[in-house]
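> here you go, sequence then predicted model.
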Amino acid sequence: MEYFFYATKAWCKLDRLNKYIVNSYKNGMVAEIHFDDSVYNDFANNLGLQEFIDHNEEISAFGKDGFIYSLTLSGTVRKREYQSNFPKLICKSQYENFKRFNKVFQFKEQALKKYASHKIINKGLGIYGFNKYLYINKDHDYVMPFRFKKAKKENQPLVVYLGGGGTVGCDNNKLLHEFLYYAKGKSVNKFDCNVLLPQITGGGSFETECRKIFACNTAELIRELLKDYDIDSDRVYVYGTSLGGGCVWNILLDSPDLFACALEAMGCYFGYESLDENKFKEIAEIPIWMTHASDDVAVEIASDDYFYAKLKEYGADVKYSRWDKYGHKMSYKFYRQEPWLEWMFSHNKEK
């Protein structure tokens, strides 16, 4: 069987895969890599597959038979069919991710140099009251743009929204747009509440590390806001979509004490099958509403199915809207059809 996939040097050691590169695109920024079963062991070794697996990262390739295959140390595992245009979309996505990676890296270096002595930097006013800020964490060598809207009254809840992969970057704008126009943020604004929109910038050599450090820094930022503003600490809510849905699991597992409830949409937690059982016990105390579509080909539903089953084992107050249509865009329908806002604002943290 012959296989191929696209990669950039942002996440793959391309110099070790030269003999497998058959084409390059976007001025050499994206490489098209081919291999087959006869050279699989050599290919996996040069790719550094063991390191990806150690970090619970899944690497997939397109088979010439029209199926996507997962790469394991013992060979490939056939997963599902792919549409004919999907490889081109992935190639384009890799290019956009590479550009974003370089931009974010430069942004971070400049910000750390300029604001080394600060924690939260006010970057100016924004639309609908969502002002612009930077969060600087020298201990983690981390810079995170975020938007924050203060409630009109004191002692109001805090809503935290975590965006999808399209919001990754450092512009402090894409996430606000997704929140307002996709994740029903305008309806959230009808409640008198504080709103935090932390932007995922990336960080670390693997996406697993990126998610963990983002969740950790978001939790620390929430604690800073709870200290600086009159926010009801018993009513802190988090929800997220796609990449942000996966990060909902990260932040709940990192800081379960912070949240009164959580909504997780279309997400995946990397390494879910190897997660410590005690972690499920900790987050089982938090009311959670999950939603995913079984026909989602962008983010597989297996992680959410696993989380739901485990949380039910520990008696969690968990809802699961498991739809069979709309694919990866079903969350847009969910946000507009289900009474999740009323559900969210009805919760207070258990004493």
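Arrived safely.

> burial count for the closest residue to residue 180 other than its chain neighbours?
Among residues not flanking residue 180 along the chain, residue 186 sits closest, at 5.6 Å (C-beta to C-beta, 6 or more residues apart in numbering). All C-beta atoms are positioned from the backbone trio N, CA, C, and that covers glycine. Neighbourhood size, residue 186 [other C-beta atoms under 10 Å]: 11.

> where in the protein is pLDDT low?
The chain contains residues with pLDDT under 70 at 10-12, 203-205, 350-351.

> show me what the strand ranked longest in it pairs with in its sheet, parallel or antiparallel.
Using DSSP state E to define each element, the chain has its longest strand at strand 231-241. Sheet partners assigned to strand 231-241 using DSSP bridges are listed as strand 156-162 (parallel), strand 261-265 (parallel).

> can you put these in TSV and add distance to residue 226 and mean neighbour count?
As requested, these are exported to TSV (distance: least, C-beta to C-beta, whole Å; neighbours: other C-beta atoms under 10 Å):
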stretch	distance to residue 226	mean neighbour count
strand 156-162	8	25
strand 261-265	17	27
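
> and those strands as CSV, adding distance to residue 101?
Formatted as CSV, those follow (distance: least, C-beta to C-beta, whole Å):
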stretch, distance to residue 101
strand 156-162, 20
strand 261-265, 25
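
> out of those, which is closest to residue 109?
strand 156-162 (24.5 Å; C-beta to C-beta).

> how distant is the closest one from the center of its chain?
Strand 156-162 has its C-alpha centroid displaced from the chain centroid by 17 Å (C-alpha atoms, centre = their mean, to the nearest Å).

> moving C-terminal from that strand, which element do we reach first?
helix 174-181 (DSSP states H and E).

> pull the residues that contact that next one.
126-128, 130, 147, 161, 163-164, 166-167, 185-186, 188, 195, 197-199, 241 (C-beta atoms under 8 Å, 6 or more residues apart in numbering).

> what do you get for stretch 305-323?
249, 264, 269, 272-273, 277, 280-281, 283-294, 301, 304, 330, 333-334, 338, 343.

> so which of those belong to strands?
Those of the contacts of stretch 305-323 lying in strands (DSSP E): 264, 288-293.

> farthest pair within the residues you listed?
288 and 293 (17.7 Å).

> looking only at neighbour counts, state which of the two leads.
residue 293 (25 against 22).

> which strand residues bridge that one?
residue 323.

> so residue 143 touches residue 107, yeah?
Yes. Here residue 143 reaches residue 107: they are 7.0 Å apart, a contact under C-beta atoms under 8 Å.

> who's in contact with the closest residue to residue 295 other than its chain neighbours?
For residue 295, ignoring the flanking residues on the chain, the nearest one in space by C-beta to C-beta, 6+ apart is residue 327 at 5.3 Å. Counting by C-beta under 8 Å, 6+ apart, residue 327 makes contact with 293, 295-298.

> among these, who's most crowded?
Highest count within these by other C-beta under 10 Å belongs to residue 293, 25 neighbours.

> the residue nearest to residue 180 - that's part of a strand, no?
No. Secondary structure assignment (DSSP: H, G, I helix; E, B strand; the rest coil) places residue 186 in helix, not in a strand.

> can you show me the helices along the stretch 1-150 of the chain?
Remark: helices assigned in the stretch 1-150 of the chain by DSSP state H, counting those that start in this stretch are 40-47, 49-54, 86-114.

> contacts for stretch 95-102?
Under C-beta under 8 Å, 6+ apart, the answer for stretch 95-102 is 8-10, 25-26, 29-30, 168-169, 202.
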